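A.B. asks: Structure for this input, please:
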Amino acid sequence: MPELSLDTPVGRLTLVEEAGAIVRVFWGGEGGDVTPLLVAARDQMLAYFDGRLTRFDLPLRIAGPESQRRACAAMQAIPFGETRRYGDLARELGLSAQAVGRLCGRNPIPVIVPCHRVLGAAGLGGYSGQGGIETKVALLRHEGAAGLLI
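C.D. replies: Numbering: from 1, shown residues only. Got it, this is the predicted structure:
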């Protein structure tokens, strides 16, 4: 699968494409074959981190069960600079808050699918990306949502 890596304020990220869609973002990596979609995704990521983009517009394919796709769609619906609680998404999706937390942790396309915007009832909750909670806080601060962390 084609991959493209870029350095960001939250570490080196690698974008992965399969059959004309972004299917994965992960920390680390060295990149590889570059495609027009990966270049567009890189440019949007750079614009996001430069403060020029608040919503990604890329073809995505979420792997996994229907509940994963539904959870990722719900995360994508959270506007830039806003947050929701696991319980909010749980009610919307008809799942438990713990199930939503697990689905957020399995998000295959972090940053683009903003699982960092989902918080626990008593605070931040977790973050499965490199750097854990510190990365989640950095992304929320970048979006101006740091005041919503309480």
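A.B. asks: Going by C-alpha atoms from here, please, whenever you check contacts or count neighbours.
C.D. replies: OK.
A.B. asks: Val34 belongs to a helix, doesn't it?
C.D. replies: No. Assigned with DSSP: H, G, I helix; E, B strand; the rest coil, Val34 falls outside any helix and is coil.
A.B. asks: which ones are touching it?
C.D. replies: Taking Cα atoms under 8 Å, 6 or more residues apart in numbering, we find Val34 in contact with 2-4.
A.B. asks: Recalculate using a threshold of 10 Å.
C.D. replies: Val34 makes contact with 1-5, 16-17, according to Cα atoms under 10 Å, 6 or more residues apart in numbering.
A.B. asks: Centre of this protein to the edge, which residue is at the far end?
C.D. replies: Residue farthest from the centre of the chain, counting by Cα atoms, centre = their mean, is Asp33 at 22.6 Å.
A.B. asks: Hmm, that residue is touching Met1, no?
C.D. replies: Yes. Counting by Cα atoms under 10 Å, Met1 is a contact partner of Asp33 at 7.8 Å.
A.B. asks: which neighbours do the two share?
C.D. replies: 16-17.
A.B. asks: Check what pLDDT Ile62 gets.
C.D. replies: We note a pLDDT of 97 for Ile62 in this prediction.
A.B. asks: if I pick it, what's in contact with it?
C.D. replies: By Cα under 10 Å, 6+ apart, Ile62 lies in contact with 21-24, 68-70, 72-73, 107-109, 113.
A.B. asks: how about it, phi and psi?
C.D. replies: Backbone torsions for Ile62, taken as degrees, to the nearest 10, come to phi -90, psi 120.
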